[in-house]
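>>> please find the sequence and the predicted model below.
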Amino acid sequence: MTMKRKSLAAAILLMCALPLSKAQTINAASCSASAVQAAFNAVTNSTTTVNIPAGTCTWMTHVSLMIPSGNTNLSILGAGSLSTTGGGDVTVIVDGDTTDGNYLLQIGTNPTTSAHVRLAGFTLQGGGGGDKENGILAVGGFSHNFRLDHFHLNSSTYGTANNPGQNAVIRLTNWIFGVMDHCVVEASAAIEVWMDEYNNNGNDGAGYASWADNSNFGSGNAFFMENNTFNDNQGKQSEFMDDCYAGGRIVIRFNTMNNDDVQTHPTGGAGQLRGCRTEEIYKNTFNGSNAAPTTNVFWDSSGTALVWGNSAPTGYINMLNLHSMRISNSTYPQTAPPNGWGYCGTSFNGSGSGWDQNSSAGTGYRCLDEPGAGKSDLLQNWFPTTCDVTSGGCTSKIYAGTWPHQALEPVYEWLNVWNTVPGYPGAEVSNSYAPALSENVDWYQNNASFAGSSGIGSGTLAARPATCTAGVAYWATDQGNWNQSGTGAQGELFVCSATNTWSLYYTPYTYPHPLAAGTAPAPPVSVQGTIVSQ
């Protein structure tokens, strides 16, 4: 044997003698805060599972985990059933911390967007104090494969302190894509979705980068909520199952809402933060009561949205309610630039804002980020030095007073089952801020007599009108095989991108979500449909 071969053989023997890196499972000693924190402290790059055993434990302190940067596949599992919606309340964590509003459980995903993170099989429940201002559960970081499933989240059990039940149970921040599925939630504001560090943009924090990207309807580039049950725990007229800030992108589909509704948060509603960027809301069942009706199925105050195929036959005064909220101080007072976004238009106090298009002085149209507003220039910096990077207005890092060239991306609403509530002046689409928002410009609604000139029609592709006015849309019921059930076509949306020119705009994302089906989704891609106009 030559010296070279001897060296190779020796190396192979040495490799065989070395211990191999093995997948590691950590079992918490109990469900107590100290035991779970000890288990989290032991997580390494090799850890694949942290098991939290059955029991009911009251946590008096915060528990947190920052997943190591080399760990790309971690599941945190309670002892609950992973085949029962809500998990069955087997591992129950009760919030006993009454000292502040910080998170009870905080998970930081690592900077690797492909990392898989799963939380499943346990219950988070309010205690004797008040609910958390920032949520019971907080998840941050950059995972695009985050799954929260078979969970029960309950804020209805909080005591009377601190306005119980009014704050979100879950808050997602930074740049999380993934899915929440098969959960049961009792809360008046269940989940907040932020994308304040979208595209891992370190000079952000407000959602700027999300607003500077395409809408990407029909892709996995969002946080999905599907096959959950949301229960309003307050019995009030308007309790929301979500809130969406800082360039958030959400898809809400195939859920059951019991006296609950959906909302967005506007630019100008939380200081520097931009509003919600995109919403897809479809195939949900909304159960209400005409005796105690809920105001809206969907309160839309920001960005572009697709709202279709939902069922809300009773108990909801409006199907969709549109709000351009910076035109007055009726909900949120505004601070004039450069220290704030300012009021849109001059009709409220005689002073408008340079952040708006101002094609009409009175309304300020098109108001920054209002319903129907889409992709914009990239902004950066915090007040008072917020500036427009794309237009070169950041040379001296001061406010330049210019509209960030925001595209028109209308809100589309079609084929929803909704009926008026007796005694209430409701509407399928309620435009609270005419003339700041206009039908067949900023929003389009279902048109049963569609002829290609206004609204949205539906039917087979062959029945689609040959002529069309730019902006109208048509839902082709015999196109699009996006449902994994294999039942055939489920529909695709075509938009008239120019006179008599139809373009495919939207095919819904694969259902169920690949993470909920037990597989990893494809990497995020840009699949923006036709932008009607600038």
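On my side now, so go ahead. The model shown is predicted, which means the values in this text are computed figures rather than measured ones.

>>> which stretches of the stretch 101-250 of the chain form helices?
208-211 (DSSP state H, counting those that start in this stretch).

>>> and the next element down the chain from the helix-or-strand element of the chain with minimal mean pLDDT?
Of all helical and strand segments in the chain, the minimum by mean pLDDT, DSSP states H and E falls on helix 3-17, at a mean of 38. Sequence order places strand 24-27 as the next helix or strand after helix 3-17, per DSSP states H and E.

>>> residues of that following strand that come out buried?
residue 26 (16 or more other C-beta atoms under 10 Å). Yep, even glycine has a C-beta here, placed from its N, CA and C like the rest.

>>> can you list the strands that that strand pairs with?
strand 47-51 (parallel) (DSSP bridges).

>>> contacts for the partner strand?
By C-beta atoms under 8 Å, 6 or more residues apart in numbering, the residues outside strand 47-51 that reach it are 23-28, 39-40, 43, 71, 73-77, 79.

>>> so which of those is the most crowded?
Neighbour counts for those, by other C-beta atoms under 10 Å, peak at residue 76, which reaches 25 neighbours.

>>> does that one lie in a helix or a strand, and which?
Using DSSP H and E, residue 76 falls within strand 73-77.

>>> now the helix or strand following that strand: mean pLDDT?
Reading on from strand 73-77 to the C-terminus, the next helix or strand found by DSSP H and E is strand 91-95. On average, the pLDDT along strand 91-95 is 94.

>>> who are the packing partners of strand 91-95?
Packed against strand 91-95, as judged by 3 or more C-beta pairs under 8 Å, 6 or more residues apart in numbering; DSSP states H and E, are the following elements: strand 55-59, strand 123-125.

>>> who does the first one pair up with?
Here strand 55-59 has these sheet partners by DSSP bridges: strand 91-95 (parallel).

>>> how about residue 367, nearest residue that isn't a chain neighbour?
residue 344 (3.8 Å; C-beta to C-beta, 6 or more residues apart in numbering).

>>> just residue 485 next, same as before
Residue 485 sits nearest to residue 511 (C-beta to C-beta, 6+ apart), 8.0 Å away.

>>> can you report how many residues lie near that neighbour?
The burial count for residue 511: 21, using other C-beta under 10 Å.

>>> over to residue 58?
Count around residue 58 with other C-beta under 10 Å applied: 16.

>>> my guess is residue 270 contacts residue 244. True?
No: applying C-beta atoms under 8 Å, one finds residue 270 not in contact with residue 244, separated by 11.1 Å.

>>> compare those two (neighbour count), which wins?
Of the pair residue 270 and residue 244, residue 244 is the one with more neighbours under other C-beta under 10 Å, namely 29 against 16.

>>> for the nearest residue to the more buried one once chain neighbours are set aside, give me its contacts.
Using C-beta to C-beta, 6+ apart and skipping residues adjacent in sequence, the residue nearest residue 244 is residue 276, 3.5 Å away. Residue 276 sits next to 193, 244-245, 247-250, 264-266, 301-303 when contact means C-beta under 8 Å, 6+ apart.

>>> tell me how far the residue lying closest to residue 222 once chain neighbours are set aside lies from residue 223.
For residue 222, ignoring the flanking residues on the chain, the nearest one in space by C-beta to C-beta, 6+ apart is residue 249 at 4.0 Å. Residue 249 sits 7 Å away from residue 223, going by C-beta to C-beta, to the nearest Å.

>>> joint contacts of the two?
With C-beta under 8 Å, 6+ apart, residue 249 and residue 223 have common neighbours residue 193.

>>> confirm that residue 333 sits in a strand.
No: if the criterion is DSSP: H, G, I helix; E, B strand; the rest coil, then residue 333 is coil and not within a strand.

>>> and it, what pLDDT?
96.

>>> equivalent analysis for residue 239, please.
Residue 239 is assigned a pLDDT of 68 by the prediction.

>>> and what of the one 5 residues further on?
Residue-level confidence at residue 244 comes out at 93, pLDDT.

>>> can you tell me which residues contact it?
Residue 244 touches 192-193, 250, 263-265, 275-276, 279, 302, counting by C-beta under 8 Å, 6+ apart.

>>> so who does the residue nearest to residue 222 touch?
Residues near residue 249 by C-beta under 8 Å, 6+ apart: 193, 195, 210, 216, 221-223, 276-279.

>>> let's see 10 Å
With contact set as C-beta atoms under 10 Å, 6 or more residues apart in numbering, residue 249 has these partners: 175, 177, 193, 195, 198, 207, 210, 213, 215-217, 219, 221-224, 276-280, 303.

>>> just to revisit the earlier point, would you point out the most distant pair within the contacts of strand 47-51?
Of all pairs drawn from those, the greatest distance, 22.4 Å, lies between 71 and 79 (C-beta to C-beta).

>>> which elements pack onto the strand holding residue 76?
Applying 3 or more C-beta pairs under 10 Å, 6 or more residues apart in numbering; DSSP states H and E, one finds that strand 73-77 contacts strand 24-27, helix 33-41, strand 47-51, strand 105-108, strand 116-120.

>>> can you tell me the strand partners of that strand and which way each runs?
Counting by DSSP bridges, strand 73-77 is paired with strand 47-51 (parallel), strand 116-120 (parallel).

>>> quick revisit: what's the closest of the helices and strands packed on strand 73-77 to residue 393?
Closest of the helices and strands packed on strand 73-77 to residue 393 is strand 105-108, at 34.1 Å (criterion: C-beta to C-beta).

>>> partner strands of that closest one, with direction?
Strand 105-108 is paired, per DSSP bridges, with strand 63-66 (parallel), strand 137-140 (parallel).

>>> pick the most buried one from those strands.
By mean neighbour count, with neighbours taken as mean count of other C-beta atoms under 10 Å, strand 137-140 ranks first of the strands paired with strand 105-108 at a mean of 22.

>>> pLDDT on that one, on average?
94.

>>> contacts for it next, please.
With C-beta under 10 Å, 6+ apart as the test, strand 137-140 has contacts from 62, 64, 66, 93, 102-109, 117, 119, 124, 132, 146, 148, 151, 153, 168-176, 178, 191-192, 194, 196-197, 223.

>>> do that again at 8 Å, thanks
103-109, 117, 119, 124, 146, 148, 153, 169-174, 176.

>>> what segments of the stretch 151-300 of the chain are strands?
Here the stretch 151-300 of the chain has its strands, by DSSP state E, counting those that start in this stretch, at 152-154, 168-172, 178-181, 184-186, 189-193, 223-226, 229-231, 240-244, 249-253, 256-258, 262-263, 278-282, 285-287, 294-300.
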